[in-house]
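1. Return atomic coordinates for the entry below.
(one chain, ligands or ions: 1)
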Amino acid sequence: MKNHHQIKDGWFFEICPMWPGMGFSLQIEKVLYSGESRFQKIDVYQTRHHGKMLTLDGIIQLTESDEFAYQEMLAHVPLFAHPNPENVLVIGGGDGGILREVCRHDCVKDVDFCEIDEEVIRVSRQFLPTLACGFDDSRINIHIGDGNAFVLGKKKQYDVIIVDSSDPIGPGDVLFKKPFYEGLKAALKPGGIVATQGESIFLHKEWVIHLAKITKELFIKQGYSCIMVPTYPGGNISICLGSLGPELNKPGRQIPDQLQEQLRYYSPEIHEASFILPHFAKKMLEDI
Ligand code: SPM
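-> Numbering: from 1, shown residues only. Model (predicted):
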């Protein structure tokens, strides 16, 4: 079990080989929970200025101050690109934040949720109620187990699949491999869309190219969408998307006013804008 952090003089330091020569720190007030599951180390902190923070193996998964940016975009970009998402699969994201966003869509009838680590769900329910409220919807069916194995048993079942993985240096590494993406494609209905945690265009060029290549090979349309998240390294993270039909880089249906009012990051404008990449990243992805 790896641990990519240190604590010194009231500061949490995230230091990880995936972003060499760089560390991110946040001032903390206290450790609210610290434990180990079968898969990873799980910690919850009270930070001084960013609300509560969840880390897995010492890597920041979310802070209450900016989690909305990541959860809203990873959920609403694929769900609004699809004309009528009824059956949704969410893999990973045991904190519940993605489920919270998915369930804002009235057209969604059924959500399968597969998480490998039951402990993350339990800890989130105890310490992160504004995220774990995502579990309180009767449309959700919870499956505890390996997301890769779960997907292999599914054929043409989902309109949208969302993969909220941690980084490829822990239990989530299998979710970055081509056979998993082949399984995702087979599990989609015709016209389906997949959206996965796509890492940073600045810090993880090899991973971004790797995921973009896979999705270009397997899907009819492919896209990369960028999100600003101050408490992820480099202040940004991306979504890798593949589509069996619909355009990805613009909403395929209107956002109801009452839903827009609930959101803080996603809008039709930011949906389109998030696909406009800096020149170096545009070229990097065009060249593959
Ligand atoms: N529902 C929130 C879970 C977060 N899943 C993604 C976490 C990624 C953490 N590492 C960020 C590294 C960015 N390059």
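
2. Provide the secondary structure category for whatever residue of the stretch 101-250 of the chain ends up closest to the ligand.
-> Per Cβ to the nearest ligand atom, residue 200 is where the stretch 101-250 of the chain lies closest to the ligand, at 3.9 Å. Every residue, glycine included, has its C-beta placed from N, CA and C. Under DSSP: H, G, I helix; E, B strand; the rest coil, residue 200 falls in the coil class.

3. Over to the one 3 residues further on?
-> On the three-state scheme (three-state DSSP), residue 203 is labelled coil.

4. Now for it: which residues touch it?
-> By Cβ atoms under 8 Å, 6 or more residues apart in numbering, the residues touching residue 203 are 18, 19, 22, 233, 234.

5. Which among the residues you listed count as buried?
-> Burial by neighbour count, judged by 16 or more other Cβ atoms under 10 Å, picks out 18, 19, 233, 234 from the contacts of residue 203.

6. Confirm the last one sits in a strand?
-> No. Counting by three-state DSSP, residue 234 falls outside a strand, being helix.

7. ok now do it, which residues does it touch?
-> Residue 234 makes contact with 19, 22, 200, 202, 203, according to Cβ under 8 Å, 6+ apart.

8. how close does the last one get to residue 234?
-> Using Cβ to Cβ, to the nearest Å, residue 203 is found at 5 Å from residue 234.

9. again, but for the second one
-> If you measure residue 22 against residue 234 using Cβ to Cβ, the figure is 8 Å.

10. what does the fourth one give?
-> As defined by Cβ to Cβ, residue 202 lies at a distance of 5 Å from residue 234.

11. cool, the first one as well?
-> Noted for residue 19: a distance of 7 Å to residue 234, by Cβ to Cβ.

12. Per-residue pLDDT of the residue nearest to residue 165 when sequence neighbours are not counted, please?
-> Excluding the flanking residues, the one nearest residue 165 by Cβ to Cβ, 6 or more residues apart in numbering is residue 172, at 4.0 Å. What the model reports as pLDDT for residue 172 is 83.

13. Thought residue 180 was touching residue 172, still the case?
-> No. Applying Cβ atoms under 8 Å as the test, residue 172 and residue 180 come out as separate, 10.2 Å apart.
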